[in-house]
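Engineer: got a structure for you, letters missing:
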């Protein structure tokens, strides 16, 4: 099964390459401007400093992972290499926006954007400290020369008045890009810890909160261009996404002020962003509002991708073909993340 998993991902890579060629031809023929927008779970991007108010002991030099400054800087370098490449096949500028999750604080993002490979991109940072017990948050990186942040806020999730429950806040950022207003909601929904079925109500609550935020943006502007992204800890076919968020997988079913999930078709085709027990999941999703599908006057959705380059995959051992992680258990492997990045392409016709 592990061998089959590797073949499946190799096939996905070939498919993605062909799609890139098609996109390039379409762009040339239609004379369009391009924007690439991505999401990446950075898998435990902690600094090495022990903070008394969060559960980060294992990610310290004397902790269980022996997480030294050298290992931290290695991870930063690895991640910067990936981020610098996403979307460049289509847009030489690279990413315009990147949502991230599993980051400990703003300082790790500052270290990341100041690496040699990312500093030329002039990446700005939006981040708020959240209540997660492990201290991990979500954030947004943006091309400060292309995207102007107008407003940013952090929205807390409460589940059935459970005062002991803590999870990542949802980040809502509104900005201007090429004279258009874009809204981004970055998520990291509650995990499947304790079992998928038992933990599902927490993700239902997270999905309902995301939908509430989207509806509030629609209320202000029925033509709002909204991008919902994140590690949802569910696949595109799960009830949290289809029912509680209300994201549909086919444009023919997309209603006015609805949400379209291009990852639905990808998941049905066997494409994933993380592997578990020899099965691919597509938790890392990017979902767009109806105007981004149907509006032809400005930027619109074109395609979605999983950035599944071969160098991101484990080459040998029990996890051959899986995303190449930084750690497997307590063993340092020096990889990237247990998740693959995802991204979408927006295009705007130039007259």
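Structural biologist: In hand now; what should we look at? Owing to the predicted nature of the structure, the values given are computational and were not obtained by experimental measurement.
Engineer: Just give me the residue right at the centre of the protein.
Structural biologist: Among the residues of the chain, the one closest to the centroid is residue 39, at 2.3 Å (Cα atoms, centre = their mean).
Engineer: Hmm, that residue is touching residue 100, no?
Structural biologist: Yes - using Cβ atoms under 8 Å, residue 39 is in contact with residue 100, at 7.4 Å. For glycine as for every other residue, the C-beta is placed from the backbone atoms N, C-alpha and C.
Engineer: overlap in contacts of those two?
Structural biologist: residue 186 (Cβ atoms under 8 Å, 6 or more residues apart in numbering).
Engineer: which stretches of the stretch 101-250 of the chain form helices?
Structural biologist: 106-113, 196-220, 239 (DSSP state H, counting those that start in this stretch).
Engineer: Can you add distance to residue 228 and give those back as a markdown table?
Structural biologist: Formatted as a markdown table, those follow (distance: least, Cβ to Cβ, whole Å):
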| stretch | distance to residue 228 |
| --- | --- |
| helix 106-113 | 21 |
| helix 196-220 | 6 |
| helix 239 | 16 |
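Engineer: okay, these in JSON lines with mean neighbour count, distance to residue 333 and mean pLDDT next?
Structural biologist: Below are those laid out as JSON lines (neighbours: other Cβ atoms under 10 Å; distance: least, Cβ to Cβ, whole Å; pLDDT from 0 to 100):
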{"stretch": "helix 106-113", "mean neighbour count": "18", "distance to residue 333": "19", "mean pLDDT": "98"}
{"stretch": "helix 196-220", "mean neighbour count": "18", "distance to residue 333": "26", "mean pLDDT": "97"}
{"stretch": "helix 239", "mean neighbour count": "13", "distance to residue 333": "34", "mean pLDDT": "98"}
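Engineer: Quick one: closest of these to residue 129.
Structural biologist: Each of those has some distance to residue 129 by Cβ to Cβ; the shortest is helix 106-113, at 8.1 Å.
Engineer: before we move on, the earlier item: am I right that the residue nearest to the centre of the chain falls within a strand?
Structural biologist: Yes - counting by DSSP: H, G, I helix; E, B strand; the rest coil, residue 39 is found in a strand.
Engineer: beta partners for it?
Structural biologist: When assigned by DSSP bridges, residue 39 has beta-bridge partners residue 99, residue 342.
Engineer: closest to residue 130 out of the helices of the stretch 101-250 of the chain?
Structural biologist: Nearest to residue 130, of all the helices of the stretch 101-250 of the chain, is helix 106-113, at 11.8 Å by Cβ to Cβ.
Engineer: residues making contact with the closest one?
Structural biologist: Residues contacting helix 106-113 (Cβ under 8 Å, 6+ apart): 45-47, 76, 79-80, 83, 100, 103, 118-119, 121, 123, 125, 127, 139, 141.
Engineer: Select, out of the helices of the stretch 101-250 of the chain, the one closest to residue 251.
Structural biologist: helix 196-220 (17.5 Å).
Engineer: what packs against that closest one?
Structural biologist: Of the remaining helices and strands, those touching helix 196-220 by 3 or more Cβ pairs under 8 Å, 6 or more residues apart in numbering; DSSP states H and E are strand 170-177, strand 180-188, strand 226-231.
Engineer: Can you tell me which of the ones you listed is most buried?
Structural biologist: Among these, strand 226-231 has the highest mean neighbour count (mean count of other Cβ atoms under 10 Å), at a mean of 26.
Engineer: Check what contacts that strand and list those residues.
Structural biologist: Against strand 226-231 from outside (Cβ under 8 Å, 6+ apart): 37-39, 41, 97, 99, 101-102, 138, 182-189, 210, 214, 217-218, 245, 247, 259, 283-289, 292, 339, 342, 344.
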